[in-house]
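Novice: model this:
(one chain, ligands or ions: 1)
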Amino acid sequence: MITFEDVVKVYPGGSTAVDHLSLELPTGKTTVLVGPSGCGKTTSLRMINRMVRPTSGRVLIDGRDVAEQDEALLRRGIGYVIQHAGLFPHRTVLDNVATVPMLLGRTRKQARTDALGLLERVGLSAEFAKRYPAQLSGGQQQRVGVARALAADPPIMVMDEPFSAVDPVVREGLHREFLRLQKDLGKTIAMVTHDIDEAIKLGDVVAIFRQGGRLAQVGTPREVLANPADDFVAEFVGRDRGLRSLSFESAADLPVRPLSEVGDLELDDAGRPVGYGSFTRADSLRLVTDLAIISPAGIAVRVDAEGVADGIVRHHDLVDHLAARRREQP
Ligand SMILES: Nc1ncnc2c1ncn2[C@@H]1O[C@H](COP(=O)(O)OP(=O)(O)OP(=O)(O)O)[C@@H](O)[C@H]1O
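Specialist: Below you'll find the predicted structure:
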């Protein structure tokens, strides 16, 4: 666990970047620090790997003050990923990833073999290994940046706006890969973003900062959407937070109607719906709502794991279901 204990950072010149921050970042989880520009997110992040020192207060990793640890050893345990990847421009992709393990004593051959494996994990095939960073797209460079940070297998990853320099489509792909990787690796991650959607999607915990380096609210994405602490948080998470919170509601208990209710529901030979959006019990109510809204008939079709239709949901079923849930858990 990473702990901020009443941390203050005042830069020379007098501006308070971080104001009495107390925060716990749980082990094996992703904590996203999010907030408007200049509210102290990067400063807080950089106090974890001691690139910035607190003016007062302490930052602890598993109970040990980072200020009392050997700087090189501390940083070896913390992978660092920044915007624009920050790759070594005159080294190949493979060497960008293999350099740190070699410095840590791996043989060149072993480090390169490991690097190829890591590149594959972040979705880059061997053909990219011999290229130089300038010969890659922004999204590919960012993947190399993640692979490089993972190379020493650090328990902690500190990521400063890792996905913000790429376009929304590429970012979406990087998000998916990030979630897949993190599910496998279970690193303790501290990530900074100014994008609340990204925070909600990637964070197990979201820490929302306000101007002046003050913490406005900490909670799971679900908690901050459902119960914003004040007007600032409510505004920051967005007016559509009700709809967005449906992303965390499972469609498993949503009652469905028999297929026979829809006269012209077209199914293929295997019983899969044709021309209607479909969802499974594992999907979210947000997807079901989306499908029902898009469908001209106002219908979403539920399918089983094989894609075979087994029920339908109408617009108003969703409203009824949500109202019933609200009554059960006010
Ligand atoms: N090295 C520095 N010297 C003086 N002031 C600084 C320094 N670094 C940051 N600041 C100031 O501290 C405050 C917090 O900056 P910080 O970069 O931590 O915010 P941020 O939330 O990460 O912002 P952004 O999203 O724009 O990157 C800002 O007012 C900034 O101008």
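Novice: burial of the residue in the stretch 101-250 of the chain that the ligand sits nearest to, as a residue count?
Specialist: Of the residues in the stretch 101-250 of the chain, the one nearest the ligand is residue 194, at a distance of 4.8 Å by CB to the nearest ligand atom. Where C-beta positions appear, they are placed from N, C-alpha and C, glycine not excepted. By other CB atoms under 10 Å, the residues close to residue 194 number 17.
Novice: was I right about it contacting residue 33?
Specialist: No: contact between residue 194 and residue 33 fails when scored by CB atoms under 8 Å: they sit 9.8 Å apart.
Novice: Are the helix or strand containing residue 235 and the ligand in contact anywhere?
Specialist: Element membership for residue 235, per DSSP states H and E: helix 231-237. No: using CB under 6 Å from any ligand atom, helix 231-237 stays clear of the ligand, coming no nearer than 12.9 Å.
Novice: continuing past that helix, what's the next helix or strand?
Specialist: Downstream of helix 231-237 (by DSSP H and E), the next one is helix 241-245.
Novice: how about the helices of the protein, start to end?
Specialist: 41-48, 71-76, 93-103, 108-121, 138-150, 168-185, 196-202, 221-226, 231-237, 241-245, 285-294, 315-328 (DSSP state H).
Novice: Mind putting the ones you listed into JSON lines with mean neighbour count, distance to residue 266 and mean pLDDT?
Specialist: JSON lines is the format used below for the helices of the chain (neighbours: other CB atoms under 10 Å; distance: least, CB to CB, whole Å; pLDDT from 0 to 100):
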{"stretch": "helix 41-48", "mean neighbour count": "22", "distance to residue 266": "50", "mean pLDDT": "96"}
{"stretch": "helix 71-76", "mean neighbour count": "13", "distance to residue 266": "59", "mean pLDDT": "91"}
{"stretch": "helix 93-103", "mean neighbour count": "21", "distance to residue 266": "48", "mean pLDDT": "89"}
{"stretch": "helix 108-121", "mean neighbour count": "17", "distance to residue 266": "41", "mean pLDDT": "90"}
{"stretch": "helix 138-150", "mean neighbour count": "24", "distance to residue 266": "38", "mean pLDDT": "89"}
{"stretch": "helix 168-185", "mean neighbour count": "14", "distance to residue 266": "30", "mean pLDDT": "86"}
{"stretch": "helix 196-202", "mean neighbour count": "21", "distance to residue 266": "34", "mean pLDDT": "91"}
{"stretch": "helix 221-226", "mean neighbour count": "20", "distance to residue 266": "37", "mean pLDDT": "90"}
{"stretch": "helix 231-237", "mean neighbour count": "17", "distance to residue 266": "40", "mean pLDDT": "92"}
{"stretch": "helix 241-245", "mean neighbour count": "16", "distance to residue 266": "29", "mean pLDDT": "81"}
{"stretch": "helix 285-294", "mean neighbour count": "18", "distance to residue 266": "16", "mean pLDDT": "92"}
{"stretch": "helix 315-328", "mean neighbour count": "13", "distance to residue 266": "20", "mean pLDDT": "87"}
